[in-house]
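Q: Take this sequence and fold it.
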Amino acid sequence: MKSKKFETEIGGEKLTAEFTDLAENADGSVLLSLGDTTVLATVVMSKGEKDIDYFPLSVEYEEKFYATGKILGSRFMRREGRPSDDAVLSGRIIDRTIRPLFNNELRNEIQVVVTVLSLDKHDPDTLGVIAASLALGTSHIPWDGPVSAVRIGKNGGDFLINPSYEIRDTEKEGANYELDVLACGRNGTINMIEVGSNEATEETLMQALEKANIELEKIQKFQEKIIAEMGNKKAEVKKTEVPEDLQKAFDTEIMAKMKDLVGEPGKERIYALEEEWFKYLEENLPEADQRVAKKLFHEGIDDFIHELAIKENKRIDNRGFDELRNLYAKAGGISPMLHGTGIFYRGGTHILSALTLGSPNDSQTIDGMETQSEKRFMHHYNFPPYSVGETGRIGGMNRRMIGHGALAEKALLPIIPDKKVFPYTIRVVSEALASNGSTSMGSVCGSTLALMDAGVPIKKPVAGIASGLMLSKDGKSYRVLTDIQGPEDEHGDMDFKVAGTKDGVTAVQMDVKVGGIPLPILKEAFEKAKEARMQILEVIEAEIKEPRKELSSKAPRIISLNIRPDQIGMVIGGGGKVINEIKDNTGVEIDIEEDGTIYITGEAVGAEKAKTLIEAIVKEYKAGEKLTGKVVRIADFGAFVELDKNNDGLVHISEMAPFRIEKVSDYLKVGMEVPVLVKDVDEQGRIKLSIKDADPNFIKKSR
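A: Numbers count the residues shown, from 1 in each chain. Alright, predicted model coming up:
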């Protein structure tokens, strides 16, 4: 096997890029390792162009179970199935990082496949970005890389470079992992960000990005050296030539009408103008290439919106650069069947978030290549075609839905109460019923309303906002836009989503359409996003100040109690007989954890009854307790008294009365109820009882 290796060090770990002939038919490939985590990236470009009006890039991220050194999957399916959510999100990270660096005029189909071959302590998502960059950079595929990726963490102290899974585990006892930043970039700029944090300040986030930039520069130099030695000559991209008559027609018929687009809150006037353009062509230039005409129109809109912002200090809908659209928040009111609902409007973006509460047993089991856990908070996102006034397929999910749902979930997770405080499983579904800019951040706001409406004792409300950017072609002038809407999202240069509480940021996601964003622009965007977040939180808290005190009457009730771990078997019984009998008699669900915590879920009456039954099973009697029991057996030396279904004790003949008794049966009969006092409980759990200490006159009275 042919092989050539390159090595560098990142965060104290060796980063190794190995070029072999393993995938020799691909246009570019590389094996990239950090520690014992290894990925294979391959890239292929189709031989001919596709007859389409968009750039056909696909990025696939493949998890292989063998990478963990274990046989994973279900008992009936020991091979990989559809991509996990983790795989989809990792694929989106790679896609969002490399896509802006392609020439959009390229019409050859390009496929990037990143395969995880070995998984140890390092997350392969950062490796996937770098590996894809090296595979593209050394191939003949036209691409303006390299681009690099690094993860910066904070665990209660200094910033960490590419922290391991163990350090990032927020579930383990004593965990203090407060910040996770995945940043990608090139040439001193950032072009993709993913952040999850526990209310980090904007200043802390900027410090993390500054640290990331230092590491990205090291990785870029490493890549540049490799590409200089291993790279192939790039294929040329055929530039679209615009015929003179088509350009003249556009300038004459359309450019002058673009000023009429100003003041429109959505894309309707743009659609109408595009329709007018093609109608003109049909009547006057029927031979015109439709794809060239469409490209000319959208580039014209792009230039117009940029110049409007940068040169005329105007936004296309006439708002101020920091001005939010009209906000509306409502908690509840949809249906009494729902445990909690939130409705949130921001301009033409309308979100309905619906919340359901369930038992601990309703949590989702995550058994993936990277993650094995029980997930008790879930946020899901739906984007039906009617939300943008279109027809299309209903049902199922796509990468965008998974990505937007995960972003909102990440934003909300830090404010979800601990299981010991609120043991419910929580599922929120956000429906994007109308879309005109950043439904993902609208979902954060709608979900906060739903959580408080349901009575979930969240720590603080969370809100989110998307900012945009208009950057001049020379990169010297720019305008940051707060609360971007449709045309600004489609034709702008940045989609910068920030969610958080009044005290800090909980999630960030950034995509760009340019090569990268300088840090000073990101600093300004953070500041403006914070101002907008405060305004949205005021609207949310004006509708509902804090979580409702009572859960919905339709929600189940959960009662928790604790027993000793060695008592778990008593509650379960042989073959589950005892616990199943309790469930059948009370209609509840019972979840028992290894530490002896028991969660009883059901209607209030049944839950209380089940609690009483369990408490009786594990009841531990203490010296000094006075009780009433039933005589169940007579012996020469005393009587056995049943205290409950699971416990009885011995009343010795000497403890029956303050006077001498010759024969127990002269005074006590089976079935008789007697007062008793617990004298002692020995190490074997045997209970010694006394009737005379409970009532000295009982025996005399009973006779």
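
Q: residues of the longest helix that the chain contains that come out buried?
A: What stands out as the longest helix in the chain, according to DSSP state H, is helix 202-230. For helix 202-230, the neighbour count (16 or more other CB atoms under 10 Å) marks 202, 204-209, 211-213, 215-216, 218-220, 222-223, 226-227, 230 as buried. Backbone N, C-alpha and C define where each C-beta goes, glycine included.

Q: Check stretch 323-338 too.
A: Going by neighbour count (16+ other CB under 10 Å), the buried part of stretch 323-338 is L324, R325, L327, A329, K330, A331, G332, I334, L338.

Q: T448: what's it in contact with?
A: With contact taken as CB atoms under 8 Å, 6 or more residues apart in numbering, T448 is in contact with G342, L412, I458, P461, V462, A463, I540.

Q: quick one: pLDDT of it?
A: pLDDT recorded at T448 is 98.

Q: And the one 3 residues further on, by the same measure?
A: The pLDDT attached to L451 in the predicted structure is 97.

Q: Check the gap between the residue lying closest to it once chain neighbours are set aside and K154 for me.
A: Distance criterion CB to CB, 6 or more residues apart in numbering; nearest residue to L451, sequence neighbours excluded, is I458 at 5.1 Å. Distance of I458 to K154, given as CB to CB, to the nearest Å: 23 Å.

Q: And V195, by the same measure?
A: For V195, the distance to K154 (CB to CB) stands at 11 Å.

Q: and for those two, which residues touch both?
A: By CB under 8 Å, 6+ apart, V195 and K154 have these common neighbours: L179.

Q: Comparing the two, which shows the higher neighbour count?
A: V195 (25 against 22; other CB atoms under 10 Å).

Q: And the more buried one, what's its pLDDT?
A: In this model, V195 carries a pLDDT of 97.

Q: And K64, by the same measure?
A: K64 carries a pLDDT value of 88.

Q: for V129, same thing?
A: Listed pLDDT for V129 reads 98.

Q: so it sits in a helix?
A: Yes: checked against DSSP: H, G, I helix; E, B strand; the rest coil, V129 lies within a helix.

Q: The closest residue to it other than its chain neighbours pairs with what?
A: Leaving aside its chain neighbours, V129 sits nearest to A149 (3.6 Å; criterion: CB to CB, 6+ apart). Following DSSP bridges, A149 is listed with bridge partners C184.

Q: A149: neighbour count?
A: By other CB under 10 Å, the residues close to A149 number 27.

Q: picking that back up, contacts only, for the residue nearest to L451.
A: The contact partners of I458, by CB under 8 Å, 6+ apart, come to I415, I416, P417, T448, L451, M452, P547.

Q: Sitting in helices, which of those do you find?
A: Under the assignment DSSP H, those contribute T448, L451, M452 to helices.

Q: in what helix or strand does the closest residue to K234 other than its chain neighbours lie?
A: In space, and not counting its chain neighbours, K234 is closest to P142: 4.8 Å by CB to CB, 6+ apart. Assigned by DSSP states H and E, P142 belongs to no helix or strand.

Q: Pull the number of nearby residues for P142.
A: P142 sits with 18 neighbouring residues when counted by other CB under 10 Å.

Q: Quick one: classify S560 as helix, strand or coil.
A: Following three-state DSSP, S560 is assigned to strand.

Q: in the stretch 101-250 of the chain, what spans have low per-residue confidence?
A: In the predicted model, the stretch 101-250 of the chain carries pLDDT under 70 at residues 173-174.

Q: for it, what spans make up the helices?
A: With DSSP state H, counting those that start in this stretch as the criterion, the stretch 101-250 of the chain has helices at 124-138, 165-168, 202-230, 244-253.

Q: Can you list the buried residues in the shortest one?
A: Across helix 165-168, burial judged by 16+ other CB under 10 Å covers I167, R168.

Q: what's the distance between it and the middle of its chain?
A: Between the mean C-alpha location of helix 165-168 and the chain-wide mean there is a distance of 17 Å, by CA atoms, centre = their mean, to the nearest Å.

Q: again, but for the third one
A: How far helix 202-230 lies from its chain's middle: 26 Å, per CA atoms, centre = their mean.

Q: what's the answer for the last one, then?
A: Centroid separation for helix 244-253 versus its chain: 48 Å, with CA atoms, centre = their mean.

Q: Check what contacts it and list those residues.
A: W277, Y280, L281, N284, L285, A288, D289, V292, A293, L296, F297, G300.

Q: could you redo the last one with a cut-off of 6 Å?
A: Y280, A288, L296 (CB atoms under 6 Å, 6 or more residues apart in numbering).

Q: do the shortest one as well
A: Among residues not part of helix 165-168, those counted as contacts by CB under 6 Å, 6+ apart are K121, N155, Y177.

Q: Highest neighbour count among those residues?
A: Tallying neighbours with other CB under 10 Å puts Y177 at the head of those, with 21 neighbours.

Q: Contacts only, for that one.
A: Y177 makes contacts with N155, R168, T170, as judged by CB under 6 Å, 6+ apart.

Q: possible to save the residues you listed as a markdown table with distance to V578?
A: A markdown table is the format used below for these (distance: CB to CB, whole Å):
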| residue | distance to V578 |
| --- | --- |
| N155 | 44 |
| R168 | 41 |
| T170 | 36 |
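
Q: closest to G73 among those?
A: Closest approach to G73 among the contacts of Y177 (CB to CB): R168, at 24.6 Å.

Q: and S74, what pLDDT?
A: On pLDDT, S74 comes in at 64.

Q: same deal with K645?
A: 78.

Q: Which helix or strand contains S430?
A: Element membership for S430 (DSSP H and E) is strand 425-434.

Q: Who does that strand pair with, and is each partner parallel or antiparallel?
A: Taking DSSP bridges as the criterion, strand 425-434 forms sheet pairs with strand 349-358 (antiparallel), strand 377-382 (parallel).

Q: ranking those strands by burial, who's on top?
A: Greatest average neighbour count among the strands paired with strand 425-434 goes to strand 349-358 (a mean of 24), per mean count of other CB atoms under 10 Å.

Q: distance between it and the chain's centre?
A: Chain-centre distance of strand 349-358: 15 Å, with CA atoms, centre = their mean.

Q: got the contact list for the helix or strand following that strand?
A: Going down the chain from strand 349-358, the next helix or strand is strand 364-367, by DSSP H and E. For strand 364-367, contacts defined as CB under 6 Å, 6+ apart pick out S373, K375.

Q: again, 8 Å this time
A: Residues outside strand 364-367 that contact it (CB under 8 Å, 6+ apart): L72, Q372, S373, E374, K375, M378.

Q: Now do the buried residues in that strand.
A: By 16+ other CB under 10 Å, strand 364-367 has no buried positions at all.

Q: partners of that strand, with directions?
A: According to DSSP bridges, strand 364-367 forms sheet pairs with strand 372-375 (antiparallel).

Q: what about the partner strand, distance to the chain center?
A: Here strand 372-375 is found 13 Å from its chain centre; the criterion is CA atoms, centre = their mean.

Q: Compute the distance between the closest residue in space to G333 that isn't next to it in sequence and A331, please.
A: Nearest in space to G333, with sequence neighbours left out and distances taken as CB to CB, 6+ apart, is T341 at 6.9 Å. Per CB to CB, T341 is found 7 Å from A331.

Q: Quickly list what's touching both of the two.
A: Common neighbours of T341 and A331 (CB under 8 Å, 6+ apart) are L449, A450, D453.

Q: Show me how to select, in PyMOL, the buried members of those residues.
A: Buried subset of the shared contacts of T341 and A331, written as a PyMOL selection, criterion 16+ other CB under 10 Å:
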select buried, resi 449+450+453
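
Q: Can you add distance to Q567 and give the shared contacts of T341 and A331 back as JSON lines?
A: JSON lines is the format used below for those (distance: CB to CB, whole Å):
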{"residue": "L449", "distance to Q567": "42"}
{"residue": "A450", "distance to Q567": "38"}
{"residue": "D453", "distance to Q567": "38"}
